[in-house]
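Student: Make a model of this:
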Amino acid sequence: MKGTRREFLGQSAMLIASGIVGSTAINKIAEAVSSKTTTQPENSSSPIEKRILGRTGLKISVISVGSIGTTQNVVRYAIDNGINFFHTALNYNSGKAITEVGKALKGAKKDSLHVGLKVTWNWKTDDDLAKSLKILGRDYVDILFFNIHSNPKLVASPEAKETFERWKKQGKVRFMGLTTHGGMKECMESALATGWYDCLMPTYTLDLRDSYADIFKKCQQQKVGFIAMKTNLSEDNANQTIPVMLKDKPVTTLCKSLRSLSSVKKYIEASKEKVTDADAVTILKLAALTNLGRCHMCGTCNGVCENGLAVSDMIRCVDYYVDAANDYETGKTTYAALGSERDASRCTNCGQCENACPNKVPVRHLVKRAREIFV
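Tutor: Residues are numbered from 1 along each chain as shown. Model (predicted):
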């Protein structure tokens, strides 16, 4: 992989300096990178790869656009370069995101571009779905994603199925999806057990790979599509991480909030890199180290908070939106929407959330920081 050793050493220096890992461990992995990296990127002029999204039959690009912070020019550039799947929601960037996507899709051939829409409104009303479709300039969306976190019972509720069937009968949606970034495994297992959902879109980072093994297996068996979101990918590590993620079956596409033309280009180029199995092992080891202390949005901390705080959501506003995605606006909007569940003044600093965290996240620090920067 081009630049792998140089990039690896740069990241290693930061890890050693931070005290996360010692130099001996880094040196062993570095030797493996030097001796086993032999691959070359594909021709950069070749079109982006497309894969079938499970039983939906939709053929979508391996890089797709999440619309937070994007613009119509970026979306159009993505379309011109072969990207054909776009995910949005009515409330992203206070409505700006879906508007930009709608402008970009205007005039495009609807059967060649696919849209995923996240439900962020009360299921009992059809008004917001109609509003979303009007902004997008479409009669229907390909995948309707129910936005459910840490509540596997709601995932399998008759209300979810009945709501989807109502909108499908109206011709406004085609396939049923689930997006989740809290209690992800439990929610995905619930979705797979119902047999209703055509597609899953959870948070996915490489250090979650082993814990997702059974989910991947069930998705393949049931032909359920898998879209990876909130991958904590940056342009600096795209060439290392993207090709390894795309080796994971049944991952179809990586959905990224692409904000610039250069980002679109870099992620597409990274998707064309090829890695050997030896490369993948090395990169997975590095991912386990670099993601230590980063929130996986598993929701474990929520379950132990005696005061009912939405701890993982509060952390997400800082750790993901501000620190990883560099999107303060969405972080602040999401934080405000949590209502009383975000009242950090109710935190007694007992430390139970931090002690329960499986990934050694400085939970109390991030909760305090969220309150300081968003209030």
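
Student: what ranges do the strands span in the stretch 1-150 of the chain?
Tutor: Along the stretch 1-150 of the chain, counting by DSSP state E, counting those that start in this stretch, strands occupy 50-52, 59-61, 63-66, 85-89, 114-119, 141-147.

Student: could I get the ones you listed as CSV with distance to V363 and mean neighbour count?
Tutor: Glycine gets a C-beta too; all of them are placed from N, C-alpha and C. Putting the strands of the stretch 1-150 of the chain into CSV (distance: least, C-beta to C-beta, whole Å; neighbours: other C-beta atoms under 10 Å) gives the following:
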stretch, distance to V363, mean neighbour count
strand 50-52, 37, 16
strand 59-61, 36, 21
strand 63-66, 26, 26
strand 85-89, 27, 26
strand 114-119, 26, 24
strand 141-147, 23, 24
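
Student: Tell me which of those lies nearest to G195.
Tutor: strand 141-147 (15.0 Å; C-beta to C-beta).

Student: Which elements pack onto the closest one?
Tutor: Judged by 3 or more C-beta pairs under 8 Å, 6 or more residues apart in numbering; DSSP states H and E, strand 141-147 is in contact with strand 114-119, helix 158-169, strand 173-180, strand 199-202.

Student: if we can go back for a sec, let me have the strands of the stretch 1-150 of the chain in a markdown table, extended by distance to A160 and mean pLDDT.
Tutor: Written out in a markdown table, the entries for the strands of the stretch 1-150 of the chain read as follows (distance: least, C-beta to C-beta, whole Å; pLDDT from 0 to 100):
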| stretch | distance to A160 | mean pLDDT |
| --- | --- | --- |
| strand 50-52 | 25 | 96 |
| strand 59-61 | 24 | 96 |
| strand 63-66 | 22 | 96 |
| strand 85-89 | 17 | 97 |
| strand 114-119 | 9 | 97 |
| strand 141-147 | 6 | 97 |
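
Student: confidence score at P152?
Tutor: Note for P152: predicted pLDDT of 93.

Student: re the thing from before, can you put the strands of the stretch 1-150 of the chain in TSV and add distance to K185?
Tutor: Shown next, in TSV, are the strands of the stretch 1-150 of the chain (distance: least, C-beta to C-beta, whole Å):
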stretch	distance to K185
strand 50-52	23
strand 59-61	24
strand 63-66	22
strand 85-89	21
strand 114-119	20
strand 141-147	17
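
Student: Quick one: closest of the ones you listed to Y320.
Tutor: strand 63-66 (11.9 Å).

Student: partners of that closest one in the sheet?
Tutor: Next to strand 63-66 in the sheet, as set by DSSP bridges, lie strand 85-89 (parallel), strand 251-257 (parallel).

Student: May I have the phi/psi pair for the spatially most central residue of the chain?
Tutor: Averaging the C-alpha coordinates of the chain gives a centre point, and the residue nearest to it by C-alpha atoms, centre = their mean is M229 (1.4 Å). Backbone torsions of M229, given as degrees, to the nearest 10, read phi -130, psi 170.

Student: OK, contacts around it?
Tutor: For M229, the contact set (C-beta atoms under 8 Å, 6 or more residues apart in numbering) comprises 66, 87, 179, 181, 201-204, 254-255.

Student: so which of these would you say is closest to N326?
Tutor: When the contacts of M229 are ranked by distance to N326 (C-beta to C-beta), G66 comes first, at 13.7 Å.

Student: Show me what that closest one bridges to in the sheet.
Tutor: For G66, the residues forming beta bridges with it (DSSP bridges) are H87, S257.

Student: That one and C255 touch, don't they?
Tutor: Yes. Under the criterion of C-beta atoms under 8 Å, G66 makes contact with C255 at 4.6 Å.

Student: Specify the angle between the host helix or strand of Q221 and strand 251-257 in degrees.
Tutor: Q221 is part of helix 213-222, with elements assigned from DSSP states H and E. Using axes from the mean of the first three to the mean of the last three C-alpha atoms, to 10 degrees, the direction of helix 213-222 lies 120 degrees away from that of strand 251-257.

Student: Check which residues of helix 213-222 are buried.
Tutor: For helix 213-222, the buried set under the neighbour-count rule, 16 or more other C-beta atoms under 10 Å, comprises 215, 218-219.

Student: quick one: which of the residues you listed is nearest to G54?
Tutor: Top of the list for closeness to G54, among the buried residues of helix 213-222 and by C-beta to C-beta, is C219 at 7.1 Å.
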